[in-house]
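> Take this sequence and fold it.
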Amino acid sequence: MRPTSHRVIGGAMWLCLLPGIASAWNWADDDSRIAQKPQFAQSRAVCRRLKDLEPPAADRPDAKTRKALAGCDAAALYYGIGEPRQPERARQCALVQAAGAGDDAGDQPFAGISLLMMIYANGMGARRDLNLATALACRVHGAPAELDGRVLHLQKLAAEHWRGHDFDYCDDITSGFAGGLCAARDASIESAKRELRIERLATTMSPPARSAFSTLRHAEQTYARTSGDNEVDLSGTARAAFEIEQEQHLRQVFEHLLDRLEKERWPTDKAADYTAADKQLNAVYARIMAMHAAPDERGPYGSADSLPWTTVTHAGIRKTERAWLHYREAWVAFAAQRYPGLPADALRAVLTRQRIDELTPFLPKPKPKPARPAVTFHALPADAASVLAAAGGIVTGGDAGATPLFQVIFDPNAPSDAELWRHLHADHPDAVVRWLPVAYFNADSGPMAATMLAAADPAAALDANFRHYDRQTRHGALAPERGARLGAAQKRLLKAMSHWGGYTPMLIVTDADGTLSQTGGANAYIIDAAIARARGTPREIPHASN
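This is a model prediction of the structure:
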């Protein structure tokens, strides 16, 4: 631990005890071309002014508490996820997390520095200090617009002497990447509350009903997860948020029906109503299965059966339909135990109409099909070339020294990245592409990426990882080597990627004037646009030898 130092600011004594905070990256020091834009000057000046602010010494946990907090979850303590809210314990945990994270202290949105920012802004778990919260916000990584907006937002609250308790990291997000993180956080909070309510309800059931309810819960979770994986467009930058939202939507529908039946507001449908609903569902399903993709649209895995302009395929809908059928019959079996007076066909009618509501949006719309979406490329900052060149990469479609058409930043576990690989493998197997792995999607993404880079044949390792990718678990096939870790260059690339747009897959091409630009997504038309742009630029893409 470095020596302590004191600084008196506004009459308050601050102690710089936490190297994970003090040495963290700061928006004031960002030297990228994007950060130098005039619109960000005000927030960067604020960060320079508050740069030395640190949490007070009295807030730091002692050695005994730090030991007890090893492996703690600050977000769970702060939000009350699966346990009672403990704001002060959350503050202590976040300080421990920040101290142990070193240069990566600002990477996690709901841990360490980011959570301390919310604690000091809201005055929950520590004395409110909006200037300290702003200083911490300056050390949280993210897209430039997010950083700028968050810093100015906190300073506005300080000027207004705000006394609320609902400031949140998610208030100022602008990127699809951060949107997915916030959606996952919200889903965790809601899921914990839902589980508590359902567990309490289960204790009131007879043993046979409880057993049937357990089977129903498993079927419900499988259906929601399968629909989220297969019935949501995963081509956009906010795909993670949309996937989570779909799963949460279906679980809310489940809980609403359960609550309705528990209150004995039973449906009054007759057998004929179920027959009519089932006939309508079969008709909707048949129409969807009869739909053809646009002539130039290829679905995941290079198939020709994707529905126009989305990553949803006939196979995915078919898989979800099977999961729904199990879910429907599990409902009927549970109801027979819990609500013996409820006719099975009345319940089936309700569930069938719910499924029709989920499938109807996939039917063709009467309006003309829109034109193919334009693909927008965004210029990268001047230092991007050095960041990309320093990072480890894997060349496919040619030997290691071949000049790539474009580069791709990816995570070995991300489903959209696996989809991009399958599109390229099916439609452009000879295209020379340099793949740059980063780690954010799963806990083992880093070891997997490091193992891939260190393999005797990195291209074969990447190929095996995505060729056998498991969409159900959203996990690559490569087994990580014990102790494998990504180096500093890959971590620097991840931080840069969060500023460049904050999503994967990120496709990077070299423009005619030698500058780098990027776009994102996994659809075939995005790949075609990147290849077309790259072939119009004769300059070589700078890259290291690997």
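> Just give the nearest non-adjacent residue to residue 77, would you?
Computed as C-beta to C-beta, 6 or more residues apart in numbering, the closest residue to residue 77 that is not its neighbour in sequence is residue 90, at 3.7 Å. C-beta here means a position set from N, CA and C on the backbone, and glycine is covered the same way.
> Any idea how many residues pack against the one you found?
Around residue 90 there are 27 other residues, counting by other C-beta atoms under 10 Å.
> Mind pulling up the pLDDT for it?
According to the model's per-residue confidence, residue 90 sits at a pLDDT of 93.
> Could you report the separation of residue 262 from residue 361?
From residue 262 over to residue 361 the distance is 30 Å, taken as C-beta to C-beta, to the nearest Å.
> before we move on, the earlier item: tell me which element the residue nearest to residue 77 is part of?
Remark: residue 90 resides in helix 87-101, with elements defined by DSSP states H and E.
> quick one: the very next helix or strand once past that helix to helix 87-101, angle?
Read in the C-terminal direction, the helix or strand following helix 87-101 is helix 112-122, with elements assigned using DSSP H and E. Here helix 112-122 runs at 150 degrees with respect to helix 87-101, directions being taken by axes from the mean of the first three to the mean of the last three C-alpha atoms, to 10 degrees.
> Tell me where this structure has strands.
Secondary structure of the chain (DSSP state E): strands at 6-9, 12-15, 378-379, 394-396, 406-410, 433-437, 506-510, 516-520.
> right, so of the ones you listed, which gets closest to residue 156?
Evaluated with C-beta to C-beta, the strands of the chain place strand 6-9 nearest to residue 156, the distance being 20.2 Å.
> Please enumerate residues in contact with stretch 382-398?
Residues outside stretch 382-398 that contact it (C-beta atoms under 8 Å, 6 or more residues apart in numbering) are 31-33, 401-402, 404, 407, 424, 428-437, 452-453, 458-459, 461-463, 487, 489-490, 492-493, 496, 500, 508, 516, 542-544, 546.
> So which of the strands of the chain is nearest residue 348?
Comparing the strands of the chain by their distance to residue 348 (C-beta to C-beta), the top pick is strand 516-520, with 42.4 Å.
> circling back to that earlier point, OK, contacts around the residue nearest to residue 77?
Residue 90 neighbours (C-beta under 8 Å, 6+ apart): 74, 75, 77, 78, 115, 119, 125.
> Please determine how far the nearest residue to residue 51 once chain neighbours are set aside is located from residue 380.
Nearest non-adjacent residue to residue 51, counting by C-beta to C-beta, 6+ apart: residue 28, 5.7 Å away. Using C-beta to C-beta, one obtains 21 Å as the distance from residue 28 to residue 380.
> which residues sit in contact with residue 250?
If you count contacts by C-beta under 8 Å, 6+ apart, residue 250 has them with 220, 223, 224, 227, 228, 358.
> ok, which pair from these is furthest apart?
The largest distance within the contacts of residue 250, taken as C-beta to C-beta, falls between 220 and 358 and amounts to 13.7 Å.
> isn't residue 378 right up against residue 502?
No: counting by C-beta atoms under 8 Å, residue 502 is not a contact partner of residue 378; they are 11.7 Å apart.
> What residues does residue 281 make contact with?
The neighbourhood of residue 281, defined by C-beta under 8 Å, 6+ apart, consists of 352, 355, 356, 359.
> Can you give me the distance of residue 72 to residue 512?
Note on residue 72: its distance to residue 512, by C-beta to C-beta, is 52 Å.
> the more surrounded of those two?
Looking at residue 72 and residue 512 with other C-beta under 10 Å, you find the greater number of neighbours at residue 72, namely 18 against 10.
> And that one, how far from residue 50?
On the measure of C-beta to C-beta, residue 72 and residue 50 end up 27 Å apart.
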